[in-house]
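Novice: predicted model, plus sequence, below.
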Amino acid sequence: MDLGNYNWLTFIDDFLSSQECDIISQYIIDNENMVKSIGPDIYPKTSDDSLTGRYSVFNYLYYPPGKILIPKLKNIFGDCLVQCWANIFRIGEGIEEHFHSTRPNNESKFLVANLFLSGPEDIGTTYNGCNIKNKKGTLSIFMSDYWHSVPKNTTFQNRISMAFNIYQKFQFLNTPVSDRYATIDEMIKCHPKRYYMIS
């Protein structure tokens, strides 16, 4: 994927079928308490005790959802290192505006993707101040410094999604991956369960 333009947002409809979305959504619901038990909620921009807040301790690609997601991600991004976590927003819950970059300069940007799996579509996702209606199975892709948020869920239907940080190997040959890690291999060594290498 071309990284030359840092100001884009793209959508891939039908990245997952409706049935695939249902399978992954059910896995996320069924394993929510287990994932939460692994570590504390360390993210302040969602509700207390959120699944989102366990983004650093559990990667769904190592588990049954990975069988569905990995070949599809590889088809789009090629060889890459991926962090993958899930979000469940119940009534009154959402996520405040944020971005995923750890460094302010262009050299260390990486790709971010959101995958809408189930729930109310009209709530949408807000990208750089523009709210866009969600669609089941659609993957949105943008750069790591792109501001985004999810308004509070106003329904009793769970809003379930996944998020991905995607590090393409060729992108970091001559620049640090982040302010903490010089190489992708170093990231894997320090956090073998947080990141999944697709190759």
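Specialist: Looks like it arrived, so ask away. Residues are numbered from 1 along each chain as shown.
Novice: give the buried residues for the helix or strand of the chain with the lowest mean pLDDT.
Specialist: None of the helices or strands of the chain scores lower by mean pLDDT, DSSP states H and E than helix 184-190, at a mean of 75. Across helix 184-190, burial judged by 16 or more other C-beta atoms under 10 Å covers 184, 187, 188. For glycine as for every other residue, the C-beta is placed from the backbone atoms N, C-alpha and C.
Novice: now the residues you listed in a markdown table, with distance to residue 128?
Specialist: Converted to a markdown table, the buried residues of helix 184-190 look like this (distance: C-beta to C-beta, whole Å):
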| residue | distance to residue 128 |
| --- | --- |
| 184 | 28 |
| 187 | 27 |
| 188 | 31 |
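Novice: what bridges to residue 130?
Specialist: residue 127 (DSSP bridges).
Novice: and it, how many neighbours?
Specialist: 10 (other C-beta atoms under 10 Å).
Novice: ok, it to residue 65 distance?
Specialist: 29 Å (C-beta to C-beta, to the nearest Å).
Novice: one more: residue 198?
Specialist: 14 Å.
Novice: quick one, helices of the chain?
Specialist: For the chain, helices defined by DSSP state H occupy the ranges 18-30, 32-38, 64-77, 184-190.
Novice: so which of these comes closest to residue 146?
Specialist: Among the helices of the chain, helix 64-77 comes nearest to residue 146, with 16.6 Å by C-beta to C-beta.
Novice: and the closest one, what does it pack against?
Specialist: helix 18-30, strand 80-89, strand 159-168, strand 196-198 (3 or more C-beta pairs under 8 Å, 6 or more residues apart in numbering; DSSP states H and E).
Novice: looking at these, which is buried most?
Specialist: When the helices and strands packed on helix 64-77 are scored by mean count of other C-beta atoms under 10 Å, the highest mean neighbour count falls to strand 80-89 (a mean of 24).
Novice: any idea of the mean pLDDT in it?
Specialist: For strand 80-89, mean pLDDT rounds to 96.
Novice: stretch 132-149 now?
Specialist: The model assigns stretch 132-149 a mean pLDDT of 94.
Novice: likewise for stretch 41-60?
Specialist: Per-residue scores along stretch 41-60 average to 94.
Novice: please enumerate residues in contact with it?
Specialist: Stretch 41-60 is contacted from outside by 24, 27-28, 32, 35-36, 38-40, 66, 69, 82-89, 92-98, 162-163, 191, 193-196, using C-beta atoms under 8 Å, 6 or more residues apart in numbering.
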